[in-house]
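K.L.:
Here is a sequence with its predicted model. Questions after.
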Amino acid sequence: MRRIVNAWGSIREPRHIKTVFFFYYLVAIATGIVTLTMPPDLVELVLGVVLAHAFSVFLILGGLACAVSVFPGWWWLERIGCWSNLVGISLFLLVIVSLTVNDAADAGPTQAGVGMLSTGVFVIRLLMIRKYSFEPRQG
């Protein structure tokens with residue numbers, strides 16, 4: 001228990017916000033891994049195998065870059081990771097919009113809306129960390 005308390009204390013404020021973003025970044029990594037190992041048929045149909053894997057790799061690498069940089073405050077790396085995740089999500093949205101236009105997916109508007117909502121996490125973080133390459137030290 002003491003290790004957890006010490007680890008929590010070592011995180012600079014705002015701890016709660018950084019922790020929430022960290023878990024979102026883990027979700028991006030997990031989603032990328034699952035999509036890489038078991039790509040959805042519709043994604044492969046629209047993008048092809050190579051771009052379906054690229055979509056996954058953008059999420060994995062973006063999630064990793066963000067996850068390792070959020071606590072130490074390496075904002076330059078976190079920004080790169082956020083942009084990588086946004087590219088990955090955009091590829092997914094391209095699939096959804098393409099299927100919706102071609103009437104191949106009746107849940108297209110819902111999936112597109114959820115995809116657009118998921119970009120909000122990364123856009124908000126980019127807005128929060130846009131001014132500096134590293135988190136400013138206070139003291």
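P.N.:
Great, that's in hand. Since the structure is predicted, the reported quantities are computational estimates derived from the model, not experimental observations.

K.L.:
Assign E44 to helix, strand or coil.
P.N.:
The three-state label for E44, taken from DSSP: H, G, I helix; E, B strand; the rest coil, comes out as helix.

K.L.:
How about it, nearest residue that isn't a chain neighbour?
P.N.:
Closest residue to E44 in three dimensions, ignoring its sequence neighbours and counting by C-beta to C-beta, 6 or more residues apart in numbering: A52, at 4.8 Å. Yep, even glycine has a C-beta here, placed from its N, CA and C like the rest.

K.L.:
The one you found: what's it in contact with?
P.N.:
A52 makes contact with T35, P39, P40, V43, E44, according to C-beta atoms under 8 Å, 6 or more residues apart in numbering.

K.L.:
wait, the second one sits on V57?
P.N.:
No: shown here, P39 and V57 do not form a contact pair, counting by C-beta atoms under 8 Å, at 11.6 Å.

K.L.:
coming back round to it: among the contacts of A52, which two are most distant?
P.N.:
T35 and E44 (10.3 Å; C-beta to C-beta).

K.L.:
Which one's more surrounded, the two?
P.N.:
Set side by side, T35 and E44 show unequal neighbour counts under other C-beta atoms under 10 Å, the larger going to T35 at 20 against 15.

K.L.:
where's the more buried one relative to V43, distance?
P.N.:
Using C-beta to C-beta, to the nearest Å, one obtains 7 Å as the distance from T35 to V43.

K.L.:
All set, thanks.
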